[in-house]
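S.K.: could you work out the structure for the sequence below:
(2 chains)
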2 protein chains.
Amino acid sequence: MAGSDDDLAEARALIRRDRAALGTLDATGAPYVSLVLVTADAAGKPLLLLSDLAEHSKNLRRDPRASLLFDGTGGLDQPLTGARITLMGRVAPAPDPADRARYVAQHNEAEGWARMRDFRVYRFEPERAHLVAGFGRIAWLDASALFSGDN
Amino acid sequence: MAGSDDDLAEARALIRRDRAALGTLDATGAPYVSLVLVTADAAGKPLLLLSDLAEHSKNLRRDPRASLLFDGTGGLDQPLTGARITLMGRVAPAPDPADRARYVAQHNEAEGWARMRDFRVYRFEPERAHLVAGFGRIAWLDASALFSGDN
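M.R.: Presented below is the predicted three-dimensional model:
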């Protein structure tokens, strides 16, 4: 589960991308996938800015378990030869204004709605990660190996 | 739930894209999101080609409930102003060789592994769809309105 140095480097680069597909659970426990814009916090963990009114936010209030797919295969003729990573973990509120500032610094267009009362910043707390770096290069990675300690 | 004509046209265009993020459930019922290449069948429903050995395939054998996110926001300066759609439904085997031929015709690179014994074609049977066509233009759509009957 520790992963090679190459795997960890590839994984860390992927999870610093600024968008991901978020998987949550609907009221029946079925999966629901939506688009989110993300920013890495100081430890490399993803920060999200979500509207209370959005489906994924309603899902997370019922069950905080979530998954994030970071896709590094865009533009490849054969996408499945490229690298992507699935994070599995939980989403928790991140009320520290420093996290909000960090998010808005990367996503300038979010500045307006980040101040609205129904938008909140959340941190994705990864438990494990599944890296697929092309055919045959597949590894489960511990979150503890991927992220640099607590923030 | 029927959706306007504009919503339906936008939704149909999105679900004909050739890649999506697939949400499935792991052994604990937590969400797991992975990258898949897809092809629309004659009715517009997504076909997938999955390895028996892949995590998402193991997940679907336990629980066929799944979600597909088609993201039409790539390349936009402000991705959240763009259109994307979440399908919710179930994944079922599609053993008809015509479906396999259709898949390989779009994804030529899959021709080799489509013949391997551990790869199978599946159909995503949508039950409902959640279209987000930019801020404020959000609609739940019935699958019956989106897809042209049975195949």
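
S.K.: from here on, just use CA atoms for contacts and neighbour counts.
M.R.: Will do.

S.K.: if you count neighbours, what's buried in the worst-scoring helix or strand of chain A on mean pLDDT?
M.R.: Ranked by mean pLDDT, DSSP states H and E, the helix or strand of chain A with the weakest confidence is helix A:111-114, at a mean of 82. For helix A:111-114, the buried set under the neighbour-count rule, 16 or more other C-alpha atoms under 10 Å in any protein chain shown, comprises A:A114.

S.K.: please name every helix or strand in contact with the helix or strand just after it.
M.R.: Sequence order places strand A:119-133 as the next helix or strand after helix A:111-114, per DSSP states H and E. In terms of contacts (3 or more C-alpha pairs under 8 Å, 6 or more residues apart in numbering or on different chains; DSSP states H and E), strand A:119-133 is packed against helix A:5-14, strand A:46-51, strand A:83-93, strand A:138-142, helix A:143-146.

S.K.: figure out which of these is closest to chain B.
M.R.: Chain B lies closest, by C-alpha to the nearest C-alpha, to one member of the helices and strands packed on strand A:119-133: strand A:83-93, at 6.2 Å.

S.K.: so which elements touch that closest one?
M.R.: helix A:5-14, strand A:65-71, strand A:119-133, strand B:31-40.

S.K.: rewinding a little: adding mean pLDDT and mean neighbour count, write the helices and strands packed on strand A:119-133 out as JSON lines.
M.R.: What follows is the helices and strands packed on strand A:119-133, written out as JSON lines (pLDDT from 0 to 100; neighbours: other C-alpha atoms under 10 Å in any protein chain shown):
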{"stretch": "helix A:5-14", "mean pLDDT": "92", "mean neighbour count": "16"}
{"stretch": "strand A:46-51", "mean pLDDT": "96", "mean neighbour count": "23"}
{"stretch": "strand A:83-93", "mean pLDDT": "97", "mean neighbour count": "23"}
{"stretch": "strand A:138-142", "mean pLDDT": "91", "mean neighbour count": "18"}
{"stretch": "helix A:143-146", "mean pLDDT": "87", "mean neighbour count": "17"}
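
S.K.: ok, the residue nearest to A:R16 when sequence neighbours are not counted to A:V104 distance?
M.R.: Nearest residue to A:R16, sequence neighbours excluded (C-alpha to C-alpha, 6 or more residues apart in numbering or on different chains): A:A40, at 5.7 Å. Relative to A:V104, A:A40 is positioned 12 Å away (C-alpha to C-alpha, to the nearest Å).
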